[in-house]
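K.L.:
Structure for this input, please:
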Amino acid sequence: MPVPEAAVFERLREFAAVDAAAEHTTRTITEVFTGRALGEVPVGTAEDVAAAFEKARAVQQRWAARPPKERAAVLERYRELVVQNREYLMDVIQAETGKARWAAQEEIMGLMFAARYFARMAPRLLAPHQAPGAFPVLNRASVRTQPKGVVGVIAPWNYPMLLSIGDSIPALLAGNAVIVKPDSQTPYSSLANVELLWRAGLPRDLLQVVPGPGTVVGTAIVDSCDYLMFTGSSSTGSTLAQQCGKRLIGFSAELGGKNPMIVTRGADLDKAAKAAVRACFSNAGQLCISIERLYVEKAVAEPFTRKFVAAVEAAKLGAAYDYSADIGSLISEAQLETVTKHVADATSKGAAVLAGGNARPDIGPLFFEPTVLAEVTDAMECGRNETFGPLVSIYPVADVEEAITLANDTEYGLNASVWAASKTEGERIAARLHAGTVCVDEGYAPAWGSTGAPMGGMGISGVGRRHGPDGLLKFTEPQTVVVTRFLNLDAPWGVPQSKWQPFLMGVARAIRFLPGR
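P.N.:
Predicted coordinates for the structure are as follows:
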């Protein structure tokens, strides 16, 4: 299946929110598999961001005034368009990222799940609800939600559709406008969805994509938005959190991970080994929730390692716009350099290569074999630091207690995987892991796909949650409205304070006997 024609990318650039009348430098976007040019995208400026915010604020209040069911209907139509155009969207994802097609399909399914869940839940979550008033009968309290205003979304390159548009969906349903800064390497993935959202009936200017560098476009968005959603490295997330804190605006982020998998005696080793290949090497390991550390009880370490290494060696690397490849390419020279350095550093300090370990320029300029290392120590770069590539370390451990201790011995806390003799044992282990999500008998996908449950990190792996009710309500401001009836707190005419205040205290003391107090 060939890469989409150049005309497709030429059309998509027209959806970028930049001043068409102004002079702009451009950036060449390349097909990762080959290094060939896909097209040119204008590089946005701070002025483009300011214009985008002005337009967004002009339409946001009208959008917020529409009933949540009407907003949800637009996102339901968008979901249908995603399904109808899924092959085209996967072509765009693969061209920009170099990932295998099944990994590109993960993004499509993620968009489908997010649009369906939030469209279904938004009318209920955003509906006003009653709360206990201070004084029964006299006070009637209700809680309402108001949108933040204009939300900024700074998205990464590794899942460029899902982590730009997927995070925009709940923000839009909450009544906000959204300004997206895609990663400079993957703007077309966001732009392709702008077109579908407009076709679904989303007002133009309500969601705008401004391509450009983080130092310019990203900074301008942080300086103007009413809430920021970020996905990326922990170091950049810390910087952005400080900037948001200075402006006293809300901030949510999914950041890095050094995610563990635990395999205990009694686990189904064949299933665990096969699933571990996906868990470790999806998108060539360029996934914040993928597995980089494997802790295996010594009683089963040898057979598991043998089965896992065999499954890794059987995985097919390939540059194909179909499902013939198991593992795709790295996205950039920088990522290839990081993986190469981590492997070289580990082996120079005594690590053993059990599988892989080599770049594969014969397949494409940025391919690297899925690599399994043993005898890795904390003195090695890959020991405690996130590689974000096709590199995993395997550690035999004495027992489950040691596995849990080592799994938790990290600043990160994003995702974990557990394979045990029973589901019950797996859940017991999961409850003791310091991670925002834990998959029992799988790697990461079921936790990500459970859109009704919160998704996010502990430690330096994140702030806030996407998915679940919090994934929508974080884009709102709760407002409490209390109506006072019959009497206010002033003493009735003719009643002295010496009698009125003890009466109020008596009522306050009696309230504790009421249900829900």
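K.L.:
hang on, Ser190 packs against Leu162?
P.N.:
No. With contacts counted by C-beta atoms under 8 Å, Ser190 stays clear of Leu162, the gap being 10.5 Å. For every residue, glycine as well, the C-beta is placed using N, CA and C.
K.L.:
quick one: which of these two has more around it?
P.N.:
For Ser190 versus Leu162, neighbours defined as other C-beta atoms under 10 Å are more numerous around Ser190 (28 against 23).
K.L.:
For the more buried one, which residues are in contact?
P.N.:
Ser190 is in contact with Ala155, Pro160, Met161, Ser164, Ile165, Val180, Pro182, Val209, counting by C-beta atoms under 8 Å, 6 or more residues apart in numbering.
K.L.:
and those residues, which are buried?
P.N.:
Using 16 or more other C-beta atoms under 10 Å as the burial test, the contacts of Ser190 include Ala155, Pro160, Met161, Ser164, Ile165, Val180, Pro182, Val209 as buried.
K.L.:
ok, the residues you listed vs Ile249, which is closest?
P.N.:
Nearest to Ile249 among those, counting by C-beta to C-beta, is Val180 at 16.9 Å.
K.L.:
what's the helix or strand for that closest one?
P.N.:
strand 177-181 (DSSP states H and E).
K.L.:
How about residues contacting that strand?
P.N.:
17, 49, 52-53, 56-57, 59-60, 63, 149-155, 164-165, 168, 171-172, 190, 205-212, 214, 217-218, 221, 224-225.
K.L.:
Give me the three-state assignment for Asp48.
P.N.:
helix (DSSP: H, G, I helix; E, B strand; the rest coil).
K.L.:
Ala279 reaches Tyr444, doesn't it?
P.N.:
Yes. Counting by C-beta under 8 Å, Ala279 touches Tyr444, with 6.0 Å between them.
K.L.:
what residues are shared contacts of those two?
P.N.:
Joint contacts of Ala279 and Tyr444 (C-beta under 8 Å, 6+ apart) are Ser290, Ile291, Ser417.
K.L.:
what about the first one, distance to Ala103?
P.N.:
Between Ser290 and Ala103 the distance is 10 Å, computed by C-beta to C-beta, to the nearest Å.
K.L.:
Can you point out the buried residues in the helix or strand containing Thr239?
P.N.:
Element membership for Thr239 (DSSP H and E) is helix 234-247. Neighbour-count burial for helix 234-247 flags Ser234, Thr236, Gly237, Leu240, Ala241, Cys244 (criterion: 16+ other C-beta under 10 Å).
K.L.:
list the helices and strands it packs on?
P.N.:
Counting contacts by 3 or more C-beta pairs under 8 Å, 6 or more residues apart in numbering; DSSP states H and E, helix 234-247 is packed against helix 219-224, strand 227-231, strand 250-254, strand 462-463.
K.L.:
which residues does the nearest residue to Asn259 once chain neighbours are set aside contact?
P.N.:
With C-beta to C-beta, 6 or more residues apart in numbering as the criterion, Asn259 has its nearest non-adjacent residue at 4.7 Å, and that residue is Asn415. The contact partners of Asn415, taken as C-beta under 8 Å, 6+ apart, are 257, 259, 288-291, 435-439, 444, 447, 457.
K.L.:
Run through the bridge partners of Asn415.
P.N.:
Thr437 (DSSP bridges).
K.L.:
can you tell me how far it sits from Val92?
P.N.:
Following C-beta to C-beta, the distance that separates Asn415 from Val92 is 26 Å.
K.L.:
mind listing the strands for the stretch 51-200 of the chain?
P.N.:
129-131, 139-147, 150-154, 177-181 (DSSP state E, counting those that start in this stretch).
K.L.:
For Tyr321, which three-state class applies?
P.N.:
Classified using three-state DSSP, Tyr321 is coil.
K.L.:
That one: how many residues sit nearby?
P.N.:
The burial count for Tyr321: 18, using other C-beta under 10 Å.
K.L.:
how about it, phi and psi?
P.N.:
The phi and psi torsions at Tyr321 (degrees, to the nearest 10) take the values phi -90, psi 50.
K.L.:
That one contacts Ala100, correct?
P.N.:
No. Counting by C-beta under 8 Å, Tyr321 does not reach Ala100; the two are 10.1 Å apart.
K.L.:
Quick check: buried residues in stretch 104-124?
P.N.:
For stretch 104-124, burial by neighbour count (16+ other C-beta under 10 Å) applies to 104-119, 121-122.
K.L.:
Show only the entries of those found in helices.
P.N.:
104-119, 121-122 (DSSP state H).
K.L.:
and stretch 93-107, how far out from the chain's middle?
P.N.:
Stretch 93-107 has its average C-alpha position 16 Å from the chain's average C-alpha position, going by C-alpha atoms, centre = their mean, to the nearest Å.
K.L.:
Would you mind measuring the gap between the ends of that stretch?
P.N.:
9 Å (C-alpha to C-alpha, to the nearest Å).
K.L.:
So what's the model's average confidence on that stretch?
P.N.:
For stretch 93-107, mean pLDDT rounds to 97.
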